[in-house]
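Visitor: Okay, predicted coordinates and the sequence, questions at the end:
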Amino acid sequence: MTVPSQTGAPLSADVLARRAALPVKFAPVTLVGSCVRLEPLDIERDVEALYAVSNGQPARLGDREIPAYDADALVWRYMPVGPFADVDAMRAALRAQVDAPNGLCLCVFNQPTGRQVGAVNFMTNMPEHLKVELGSIWYSPLVQRTKTSLETTYLMLAHAFARGYRRVEWKCDAFNERSRRSALRMGFQFEGIQQAHYIVKGRNRDTAWFRILDDEWPAVKARLDALLKA
């Protein structure tokens with residue numbers, strides 16, 4: 001009688017060889033789309049502009065204008081950092097992301113105006129397992145409910161899978177319904193809730209896990225292409 005294997009399927013030499021080509025410190029890259037441009041975040045260039053569009057004060061971007069708003073509710077509530085009392089506090093938080101040994105912090109620029117409107121990260125990079133996470137993602141209310149998030153995610157996914165990753169992860173606070181809906185809309189698969197995953201801002205955080213695998217990427221790419229053209 002044949003005994004069923006109790007281990008996963010072996011991977012090809014080609015897949016295993018990809019691991020050696022990927023650095024732990026995610027390599028800097030600039031990604032350009034129609035409405036966004038992603039560049040490695042430069043603290044001195046970007047921090048004051050990012051603070052100005054995320055601290056609750058009225059702001060304007062081209063023909064879009066927002067009055068004073070609750071920065072915690074609209075930007076920072078489910079993030080591990082923020083809201084920030086001042087630019088220096090934001091500078092320290094961004095510095096930690098820029099210096100992360102296994103990530104890459106990118107500043108999101110609005111392409112038509114050239115203005116900084118948010119930040120995103122390739123993070124928890126594990127080339128030995130060919131997986132990376134998209135995280136610490138936030139956008140100014142000036143560009144929320146536009147195609148900014150959609151195109152940013154598209155560009156990051158395309159880059160990760162082109163580099164040879166097998167798995168791209170998206171994690172968020174289980175109470176963050178907006179992030180969960182966004183992940184599903186963009187084609188991520190829900191994997192479940194990890195309870196008591198973190199302690200954030202003195203509170204328990206249960207984490208919702210999502211992912212896209214490399215063999216799912218062609219269908220997800222087609223989905224995102226259609227959403228961007230809509």
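Guide: That came through, no problem.

Visitor: what's next to the biggest helix by length in the chain, contact-wise?
Guide: Counting by DSSP state H, the longest helix found in the chain is helix 148-163. Under the criterion Cβ atoms under 8 Å, 6 or more residues apart in numbering, residues 22, 29, 31-36, 38, 106, 108, 110, 117-118, 120, 122, 132, 134, 137, 139, 143, 168, 182, 186, 212, 214, 217, 220-221, 224-225, 227-228 lie in contact with helix 148-163. (Each C-beta comes from the backbone N, C-alpha and C, glycine too.)

Visitor: And the next helix or strand past that helix?
Guide: strand 167-173 (DSSP states H and E).

Visitor: same for that next one, what does it pack against?
Guide: strand 131-139, helix 148-163, helix 177-185, strand 203-213 (3 or more Cβ pairs under 8 Å, 6 or more residues apart in numbering; DSSP states H and E).

Visitor: which residues of this structure fall in strands?
Guide: All strands of the chain, identified by DSSP state E, fall at 31-32, 36-40, 59-61, 64-66, 104-110, 115-126, 131-139, 167-173, 189-200, 203-213.

Visitor: Switch the helices and strands packed on strand 167-173 over to a markdown table; also include mean pLDDT.
Guide: Formatted as a markdown table, the helices and strands packed on strand 167-173 follow (pLDDT from 0 to 100):
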| stretch | mean pLDDT |
| --- | --- |
| strand 131-139 | 98 |
| helix 148-163 | 98 |
| helix 177-185 | 97 |
| strand 203-213 | 98 |
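
Visitor: And those: which comes nearest Ser54?
Guide: Of all the helices and strands packed on strand 167-173, strand 131-139 sits nearest to Ser54, with 7.0 Å by Cβ to Cβ.

Visitor: Quick one: residues in contact with the helix or strand of the chain with the lowest mean pLDDT.
Guide: Lowest by mean pLDDT, DSSP states H and E among the helices and strands of the chain is helix 13-21, with a mean of 93. Applying Cβ under 8 Å, 6+ apart, the contact partners of helix 13-21 are Pro127, Glu128, His129, Leu130, Gly164, Arg166.

Visitor: before we move on, the earlier item: format the helices and strands packed on strand 167-173 as JSON lines; extra columns: distance to Gln57 and mean neighbour count.
Guide: What follows is the helices and strands packed on strand 167-173, written out as JSON lines (distance: least, Cβ to Cβ, whole Å; neighbours: other Cβ atoms under 10 Å):
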{"stretch": "strand 131-139", "distance to Gln57": "16", "mean neighbour count": "21"}
{"stretch": "helix 148-163", "distance to Gln57": "20", "mean neighbour count": "21"}
{"stretch": "helix 177-185", "distance to Gln57": "22", "mean neighbour count": "16"}
{"stretch": "strand 203-213", "distance to Gln57": "26", "mean neighbour count": "17"}
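
Visitor: Kindly present the ones you listed as a markdown table, with separate columns for distance to Asp88.
Guide: Listed next are those as a markdown table, based on distance: least, Cβ to Cβ, whole Å:
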| stretch | distance to Asp88 |
| --- | --- |
| strand 131-139 | 18 |
| helix 148-163 | 27 |
| helix 177-185 | 28 |
| strand 203-213 | 25 |
